[in-house]
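A.B. asks: return atomic coordinates for the entry below.
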Amino acid sequence: DFEQEDAGGRRQGKTDPELLRRLQAGDERAWEQLLAEWQGPLYQYLCYALPDTEQAQQALSETMDAVIRSIPQYNGSVSLSAFFYSLATQRVSFYYRKRKSRRKSRQHSGANGVNSGGFKAILHTLPQRYRQALLLRYHLGLSVTEVAHILGQSPHDTESLLAQGSRQLQDAMGSAGLQQ
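C.D. replies: Have a look, this model is predicted:
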């Protein structure tokens, strides 16, 4: 009764202590259950957060490796969703840091891709921090508190970030001629 399900049927709130115990004990069935439940949602998030499916697949693999390495230290103090999306968000941040350093070493030219296709292209015109906050809150349905935990900032700062990101997204959609 301290757990609820989100729209995708995933557990929200504190994690199932029995599942956590089984994972930490190395129970293969528990790991299979965890992977079956979470690979799809994490991949979907990463597809929106990263520019292409190849990068999303790579980030998913790295995220799942991080889950395997991190579960022994996981204490259940935050929801599994916040824990997993935090690990995935770290991979997204790493990708953009690496991309930014590569871009500094060469001159970047060309269009930003807005005309090449829809909402995802517009979403990728937003600064990464806005895009991640908006995806975590509105696409995945995480609470402001969970998003704040994932992004490593206060709930107040997260609400501000979400408001600014929403305004930028609305402006970008209006400029692209998409209805809001």
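
A.B. asks: find the nearest non-adjacent residue to residue 46, please.
C.D. replies: Residue nearest to residue 46 in three dimensions, not counting chain neighbours: residue 56, with 3.9 Å by C-beta to C-beta, 6 or more residues apart in numbering. The way it works is simple: take the backbone N, C-alpha and C, and place the C-beta from them, glycine included.

A.B. asks: tally up the residues packed near the one you found, please.
C.D. replies: Neighbour count of residue 56, defined by other C-beta atoms under 10 Å: 23.

A.B. asks: for it, helix, strand, or coil?
C.D. replies: Look at residue 56: counting by DSSP: H, G, I helix; E, B strand; the rest coil, its state is helix.

A.B. asks: that one against residue 47, yeah?
C.D. replies: Yes. Counting by C-beta atoms under 8 Å, residue 56 touches residue 47, with 4.5 Å between them.

A.B. asks: distance of the residue nearest to residue 46 from residue 45?
C.D. replies: 9 Å (C-beta to C-beta, to the nearest Å).

A.B. asks: quick one, helices of this protein?
C.D. replies: 17-24, 28-49, 53-70, 80-104, 118-123, 128-134, 144-151, 155-175 (DSSP state H).
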